[in-house]
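J.: Sequence plus the predicted model coming up.
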Amino acid sequence: MFELFDNLALGFSVAASLKNLWLCFLGCMIGTLIGVLPGVGPVATISMLLPITFGIDPIGALIMLAGIYYGAQYGGSTTAILVNIPGEATSVVTALDGHQMAKQGRAGVALGVAAIGSFIAGTFATLVIAALAVPLTKLALLFRPADYFALMVLGLMLAVVLARGSLPKALAMIIVGVLLSTVGRDLVTGDERLTFGWGEIDDGLDFAVIAMGLFGFAEILRNLETPESRDVVHQKIGRLLPNWVDLRQAAMPVVRGTGIGAFLGLLPGNGAVLGPFASYTIEKKLADDPSRFGQGAIEGVAGPESANNAGAQTAFIPMLTLGVPPNAVMALMIGAMTIHNLVPGPEILTKQPKLFWGMIASMWIGNLMLLIINLPLIGLWVRLLKVPYRLLFPSIVLFCCIGIYSVNNNPVDVYLTAAFGLFGYILIKLDMEPAPLLLGFVLGRLLEEKLRQALAISQGDYWTFIHHGKAAVMLAIALLALVVALMPMMRRSRDKVFAE
Amino acid sequence: MQTASTTPDSGTRLSRDLLAGLLLIAFGLAAYVGLFDLPTRDGGNVGPGLVPKISAALIGALGVVIAITGFLPSAERLQRGTWRGPIFVLGAVIMFAMSVRTLGLAVAGPLAVIVSAFADKDSRPVEVLVFAAIMSVGCIALFKYALRLPIPLAPFLIGY
């Protein structure tokens, strides 16, 4: 217990340095600024802003990126409440009652409750991360390569099972990601793989190239095809601080939402997305008058927003301790760490405790900053919401171009990103979500490395994965998850055939 | 934004899943051909070909499954897209890549903004020009001066 506070104290001593506070503030600010723009979700925001952290030291860069992430999340909620365009899946639920509240002239209260709920959830989630970090890291350090391989397979499989849409498509996307990660010179044997003789990709495909192609450019192309209907509220924003009645109504939903979100956020795949939905359903079930939901019930904003933020933060746990990203945002964080020559996984905590705890402490500071800076700036966000998309997307194009060029100061990267933009657009047209691809790409190299190590230890014996207790259990769970997920799908499609 | 091409009944007769499956099959096959010479074993160890070859094979196999679901009566049709978006947005990116080293950000920047703006047929020329100038100045200030990234500014004019 005391160890926990010692660790947090170390973290705050790092995060509270003037420079890191400034970076955290800057990250939150810019993240909100971009995240508030309609049609720009957290993943797009982070991939776009990745390059501005290149020149900063690793700890500062990660603090800033985490700030950008919370800012983008919070910006997305603001958009959901004021415009009824959820920036990302996680704010869909907020839009239901939040936008109704805004139409009734209570936008300020909705935003205020969202901010306060998010802050409480963020505080709790920070403590959860701090408490779970050490035991999980100790567990991970006991893992042999075979166990690690099994863990990654399990993580990817759960990500597939919990993803939206078609299961075979999500699985295929992950494996395409793994395949793309093998492009370039093999690190062990030196053989060229899938370069087709082109020297420029000898070192492999750059993570930023894929992220910005798929989430920067392809998103723009997707948005350009959907007719825009913005429903910016014309009503007054109203007072920001909720009164006692509001607070009493919101209190328990915040507590429940925090718990649900913190737990679901730990799960791979769309765990963090499930949180707000689960919270909304529960609040509606528990309400005395469920018909108020959808008509501007404050509980319908407070619960899901808390769940959203708690989940957004606990998603860091598997990424930081095990090196397994549970969703696309965390895959981006891993990519960012790799750019700064940090290898995500248990070694971060053991070898770089300052960085680890500094980042965790900065999470709480970031949440506090969001609460302080966001509410007074709502007028600014409202004005930003009125920027038309026809001006927005050329700016994103320019930003991404400069960003990709700056990764290696090489125009070839920019060409490659254009190619991935086209690839992503085709994927979207064919109803294949590109997010799992990024997960597969980020984990691919580690997956291969651990497979190699495991088989080198076992002298080529593939049964090593079964003989090792931990590895066998994890692979069995992965298989079970796949089978369970396949069953209702088979049933449903069969039902459809019968119905014809 | 786009309107005419995305009216509700703009579906083609092509099955979306069938195309997705075929794309994956082609992707897997192409990768497998490209990997053909790489050994899956390296003495007693895993060879450089193992993981990519298994991946390519799985992608192809999943492609077959997805293509088959494309024949189900419930399969969704492909929605008609527009080439305007990809051509101008990605064209702008390519032009940026071609010009950034020689002409610098001072030219490549506005070029990218102006060309990509054509992707939206409702864009207004004067507005775009003014906006391109503002954005470029902003980006030069941010990336070149505030963040000190070594991106060329206008090499043909001022030498850096």
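T.: Happy to help now that I have it.
J.: mind listing the strands for chain A?
T.: A:184-185, A:192-193 (DSSP state E).
J.: out of the ones you listed, nearest to B:Ser116?
T.: strand A:184-185 (30.0 Å; Cβ to Cβ). All C-beta atoms are positioned from the backbone trio N, CA, C, and that covers glycine.
J.: thinking again about what came up before, most tightly packed of the strands of chain A?
T.: strand A:192-193 (a mean of 21; mean count of other Cβ atoms under 10 Å in any protein chain shown).
J.: Let me have the strands of chain A in CSV, extended by mean pLDDT.
T.: Formatted as CSV, these follow (pLDDT from 0 to 100):
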stretch, mean pLDDT
strand A:184-185, 88
strand A:192-193, 87
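J.: I'd like those strands laid out as a markdown table, including distance to B:Ala56.
T.: Listed next are the strands of chain A as a markdown table, based on distance: least, Cβ to Cβ, whole Å:
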| stretch | distance to B:Ala56 |
| --- | --- |
| strand A:184-185 | 16 |
| strand A:192-193 | 11 |
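J.: tally of neighbours for the spatially closest residue to A:Gly421 that is not a sequence neighbour?
T.: The shortest distance from A:Gly421 to any non-neighbouring residue, by Cβ to Cβ, 6 or more residues apart in numbering or on different chains, is to A:Phe217 (2.9 Å). By other Cβ atoms under 10 Å in any protein chain shown, 33 other residues sit near A:Phe217.
J.: residues in contact with stretch A:96-112?
T.: A:77-78, A:80-84, A:114, A:231, A:233, A:235-242, A:246, A:280, A:293-301, A:374-375, A:378 (Cβ atoms under 8 Å, 6 or more residues apart in numbering or on different chains).
J.: What's the mean pLDDT across it?
T.: Average pLDDT, stretch A:96-112: 85.
J.: Which positions in that stretch come out as buried?
T.: For stretch A:96-112, a neighbour-count test (16 or more other Cβ atoms under 10 Å in any protein chain shown) marks A:96-103, A:106-112 as buried.
J.: Closest to chain B out of the residues you listed?
T.: A:His99 (21.0 Å; Cβ to the nearest Cβ).
J.: Please report how far the closest one lies from A:Ala250.
T.: In this structure, A:His99 and A:Ala250 are 17 Å apart, going by Cβ to Cβ, to the nearest Å.
J.: in chain B, what spans have low per-residue confidence?
T.: Along chain B, segments meeting pLDDT under 70 span B:1-11.
J.: Let me know the outermost residue of it.
T.: In chain B, the greatest distance from the average C-alpha position (Cα atoms, centre = their mean) is reached by B:Gly44, at 40.1 Å.
J.: for the nearest residue to A:Leu342 once chain neighbours are set aside, what are its contacts?
T.: The shortest distance from A:Leu342 to any non-neighbouring residue, by Cβ to Cβ, 6+ apart, is to A:Pro58 (5.7 Å). Applying Cβ under 8 Å, 6+ apart, we find A:Pro58 in contact with A:337, A:340-342, A:355.
J.: Tabulate the strands of chain A (a markdown table), appending distance to chain B.
T.: Below are the strands of chain A laid out as a markdown table (distance: least, Cβ to the nearest Cβ, whole Å):
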| stretch | distance to chain B |
| --- | --- |
| strand A:184-185 | 9 |
| strand A:192-193 | 6 |
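J.: Of the ones you listed, which is nearest A:Cys400?
T.: strand A:184-185 (22.6 Å).
J.: Neighbouring strands - and their directions - for the lengthiest strand in chain B?
T.: The residue-count maximum for a strand in chain B (DSSP E) belongs to strand B:11-15. Sheet pairing for strand B:11-15, assigned by DSSP bridges, gives strand B:77-79 (antiparallel).
J.: Can you name the next helix or strand after the strand it pairs with?
T.: As assigned by DSSP states H and E, the chain's next helix or strand after strand B:77-79 is helix B:84-99.
J.: Which residues in that following helix does the neighbour count mark as buried?
T.: B:84-86, B:88-97, B:99.
J.: re earlier: buried ones among the contacts of stretch A:96-112?
T.: Buried among the contacts of stretch A:96-112 by 16+ other Cβ under 10 Å: A:77-78, A:80-84, A:114, A:233, A:237-238, A:240, A:242, A:246, A:280, A:293, A:296-301, A:374, A:378.
J.: Mind checking which of these are in helices?
T.: A:77-78, A:80-83, A:114, A:246, A:280, A:299-301, A:374, A:378 (DSSP state H).
J.: Count the neighbours of A:Asp289 for me.
T.: 8.
J.: Tell me who's in contact with it.
T.: A:Asp289 neighbours (Cβ under 8 Å, 6+ apart): none.
J.: For it, give its distance to A:Ile298.
T.: 13 Å.
J.: and if you look at A:Ser181?
T.: In terms of Cβ to Cβ, A:Ser181 sits 46 Å off from A:Ile298.
J.: if we can go back for a sec, my read: the residue nearest to A:Gly421 touches A:Phe399, true?
T.: No. With contact defined as Cβ atoms under 8 Å, A:Phe217 does not count as touching A:Phe399 (11.2 Å).
J.: Let me see the contact set for A:Phe12.
T.: A:Ala361.
J.: Do me a favour and average the pLDDT over stretch A:15-33.
T.: 90.
J.: before we move on, what about stretch A:462-472?
T.: In the prediction, stretch A:462-472 has an average pLDDT of 83.
J.: Excluding chain neighbours, what is closest to A:Leu482?
T.: For A:Leu482, the closest residue by Cβ to Cβ, 6+ apart turns out to be A:Met157, at 5.9 Å.
J.: ok so, going back, show residues contacting the longest strand of chain B.
T.: So strand B:11-15 is contacted by B:70-71, B:75-80 (Cβ under 8 Å, 6+ apart).
J.: What residues sit buried inside it?
T.: B:Ser15.
J.: ok now do the residue lying closest to A:Lys386 once chain neighbours are set aside, which residues does it touch?
T.: Once flanking residues are discounted, A:Lys386 sits nearest to A:Val232: 6.5 Å by Cβ to Cβ, 6+ apart. A:Val232 sits next to A:82-83, A:382, A:385-386 when contact means Cβ under 8 Å, 6+ apart.
J.: ok, how many other residues are close to residue 73?
T.: Since you didn't name a chain, this refers to chain A. A:Gln73: 30 neighbours (other Cβ under 10 Å).
J.: um, chain B though
T.: For B:Pro73, using other Cβ under 10 Å, the count is 8.
J.: secondary structure class for it?
T.: Secondary structure for B:Pro73, judged by DSSP: H, G, I helix; E, B strand; the rest coil, is coil.
J.: how near is it to A:Met487?
T.: Taking Cβ to Cβ, one finds B:Pro73 at 22 Å from A:Met487.
J.: so A:Ser279 sits right up against A:Ala302, yeah?
T.: No. If you go by Cβ under 8 Å, A:Ser279 and A:Ala302 don't touch, sitting 9.0 Å apart.
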